[in-house]
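Peer 1: next comes the sequence, and after it the predicted model I'd like to discuss.
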Amino acid sequence: MNLRIAWRNIWRNKKRTLITVSSIMMAVIIAVFMRSFQEGTYAKMIDNAVGQFTGYVQVHQKDYWADKTLDNGIVITDSLLQQIKSVKNVEAVNLRIESFSLSSYKNNTKGTLVLGIDPEKEKSMLNIEAKIIKGKYLKTKDKSILLGSGLANYLNINIGDTLVLMGQGHWGQSAIGAFPVKGIVKMPAPDLDKQIVFMSLLTAQQYFSFENGVTSIVVKFGSDDYTSQIVRNINSKIDTNIYKAIDWKEMTPEMLQQIQGDRIGGIFMISILYMIIAFGVFGTTLMMTEERKKEFAVMIAIGTHKSKLILISLYETIIMNLIGVLSGIVFVIPLIIYFRDHPIRMTGDMAASVEKLGIEPVLPTIMKMSIFVNHISIIMIIACLAAIYPLVSIWKLKLMKSLRR
């Protein structure tokens, strides 16, 4: 009966109810949509700069990340790979060998990053084939190499020319080789584009005199959401006296700091929005209560207990909050889906500056349950706190004064 009375009461004054419901609905739409854009941008940044290059998780020899030399590499064993692959949500592993060498062509020389890869497996991660602007992609047993376009321009080298590489191999051995250039790639990060040399994993192992050796095992899985869990699970399976799994946050701390700094700014903006929402919700609740004080007084005068009025008023608040929240969800979900599939694309100088960081210049949304739960909970708390005012007003209502209104 009390619920039925509350339902009828909220529709007696449709304008008042619609104002209250609309304020809560707009709060849900704006808060969830803004946060979805922000988190979607972070996810895109991480995927571009981390997920498609270093990977979310890598396994190394335990001292490698502190001292990135070939001497701290790993000799691959079937048992090690099987231990990593057996972890839940791990889809595959990519083997890489990475070191620095001096490159030379005619009178031009430059320090380079040599990255040995499995050409077939890296199609789904580095996707180098799509970045080739001249020449052809590598094959597994190729003795040729791919160069970043910035490096090729600096050395003034072209397809078919031979690049000489000189460096240090495993355990201090000399690494010297001459490699024909098969292709030139345009890497999204300018600094990387000016120094990267790709060769097949087999060729790199021969060049560095490190048979069956790698410097890193890149662990492939579907989403950054699994990162922490996978790192823990891998480290629980492998011998941590020899190996260590680390995540992208440890490998690229500068990106983590950038995201955390930007996230603080986003939280500050959301906090201002919540203050506006709180004043709006409280304003409509105050207006609703003041309008109905005489009505409450009449109900008490004819014998209705204050506790029953408080309960009915509480039901009214809950019903209006639920209607507002559900309406907001109904409207915001299609918006998030649309901008997730059709992200806003940046143009001009802003796009150019973002591309220099190796990040696609788009602003997508992301569909995450935590965004809905967190922000809808905050809005519901604000609405419930605003509902305290009418409850206290009814409890302290002075009958004769209210009847004279």
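Peer 2: That came through fine. All values derive from a computational prediction rather than experimental measurement.

Peer 1: what is the burial count for the nearest residue to residue 376 once chain neighbours are set aside?
Peer 2: Distances taken as C-beta to C-beta, 6 or more residues apart in numbering put residue 325 closest to residue 376, at 5.7 Å, once the chain neighbours are dropped. C-beta: built from backbone N, CA, C; applies to glycine. Residue 325 sits with 21 neighbouring residues when counted by other C-beta atoms under 10 Å.

Peer 1: and residue 127, by the same measure?
Peer 2: 11.

Peer 1: domain boundaries for the chain, per the record?
Peer 2: The chain breaks down by automatic domain parsing into domains covering 2-50+255-403, 57-220.

Peer 1: would you turn these into a markdown table with distance to residue 228 and mean pLDDT?
Peer 2: Below are the domains of the chain laid out as a markdown table (distance: least, C-beta to C-beta, whole Å; pLDDT from 0 to 100):
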| stretch | distance to residue 228 | mean pLDDT |
| --- | --- | --- |
| domain 2-50+255-403 | 13 | 79 |
| domain 57-220 | 9 | 93 |
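
Peer 1: can you redo the ones you listed as TSV with distance to residue 247?
Peer 2: What follows is the domains of the chain, written out as TSV (distance: least, C-beta to C-beta, whole Å):
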stretch	distance to residue 247
domain 2-50+255-403	9
domain 57-220	5
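
Peer 1: leaving out sequence neighbours, find the closest residue to residue 360.
Peer 2: Nearest residue to residue 360 in three dimensions, chain neighbours excluded: residue 48, at 5.4 Å (C-beta to C-beta, 6+ apart).

Peer 1: wait, residue 256
Peer 2: Distance criterion C-beta to C-beta, 6+ apart; nearest residue to residue 256, sequence neighbours excluded, is residue 249 at 4.8 Å.

Peer 1: would you pull up how far the host helix or strand of the one you found lies from the middle of the chain?
Peer 2: Taking DSSP states H and E as the definition, one finds residue 249 inside helix 248-251. Centroid separation between helix 248-251 and its chain, computed with C-alpha atoms, centre = their mean, to the nearest Å, is 14 Å.

Peer 1: buried stuff in that helix?
Peer 2: For helix 248-251, the buried set under the neighbour-count rule, 16 or more other C-beta atoms under 10 Å, comprises 248, 249, 251.

Peer 1: return the distance of the second one relative to residue 46.
Peer 2: Read it as residue 249. With distances taken as C-beta to C-beta, to the nearest Å, residue 249 is found 10 Å from residue 46.

Peer 1: ok, which stretches of the stretch 201-350 of the chain are strands?
Peer 2: Taking DSSP state E, counting those that start in this stretch, the strands of the stretch 201-350 of the chain run over residues 213-214, 216-220, 243-247, 344-345.

Peer 1: redo these as a markdown table? Include distance to residue 334 and mean neighbour count.
Peer 2: What follows is those, written out as a markdown table (distance: least, C-beta to C-beta, whole Å; neighbours: other C-beta atoms under 10 Å):
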| stretch | distance to residue 334 | mean neighbour count |
| --- | --- | --- |
| strand 213-214 | 46 | 22 |
| strand 216-220 | 32 | 22 |
| strand 243-247 | 34 | 20 |
| strand 344-345 | 16 | 12 |
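
Peer 1: ok, which stretches of the stretch 51-200 of the chain are strands?
Peer 2: Here the stretch 51-200 of the chain has its strands, by DSSP E, counting those that start in this stretch, at 57-61, 74-75, 92-105, 108-117, 132-135, 145-148, 162-168, 174-185, 196-200.

Peer 1: so which of the ones you listed is the most packed in?
Peer 2: strand 145-148 (a mean of 28; mean count of other C-beta atoms under 10 Å).

Peer 1: how about the helices in the stretch 251-400 of the chain?
Peer 2: Residue ranges of the helices in the stretch 251-400 of the chain, as given by DSSP state H, counting those that start in this stretch, are 253-291, 293-301, 306-341, 348-356, 369-386, 388-395, 399-403.

Peer 1: ok, back up a step: how close does the residue nearest to residue 256 sit to residue 231?
Peer 2: Separation of residue 249 from residue 231 (C-beta to C-beta) stands at 10 Å.

Peer 1: residue 264 now?
Peer 2: Distance, residue 264 to residue 231, by C-beta to C-beta: 25 Å.

Peer 1: residue 271: neighbour count?
Peer 2: For residue 271, the neighbour count with other C-beta under 10 Å is 10.

Peer 1: one more: the one 10 residues further on?
Peer 2: A count of neighbours around residue 281, defined by other C-beta under 10 Å, yields 24.

Peer 1: was I right to think it contacts residue 24?
Peer 2: Yes - between residue 281 and residue 24 there is a contact under C-beta atoms under 8 Å: 6.5 Å.

Peer 1: which SS state does the residue nearest to the spatial centre of the chain fall under?
Peer 2: The residue lying closest to the centre of the chain (C-alpha atoms, centre = their mean) is residue 43, at 2.3 Å. Under DSSP: H, G, I helix; E, B strand; the rest coil, residue 43 falls in the helix class.

Peer 1: so the residue nearest to residue 360 touches residue 361, yeah?
Peer 2: No - counting by C-beta under 8 Å, residue 48 does not reach residue 361; the two are 10.0 Å apart.

Peer 1: hmm, back to that, so for residue 264 and residue 231, which sits in the more crowded spot?
Peer 2: Neighbours per residue, other C-beta under 10 Å: of residue 264 and residue 231, the larger number sits with residue 231, 23 against 10.
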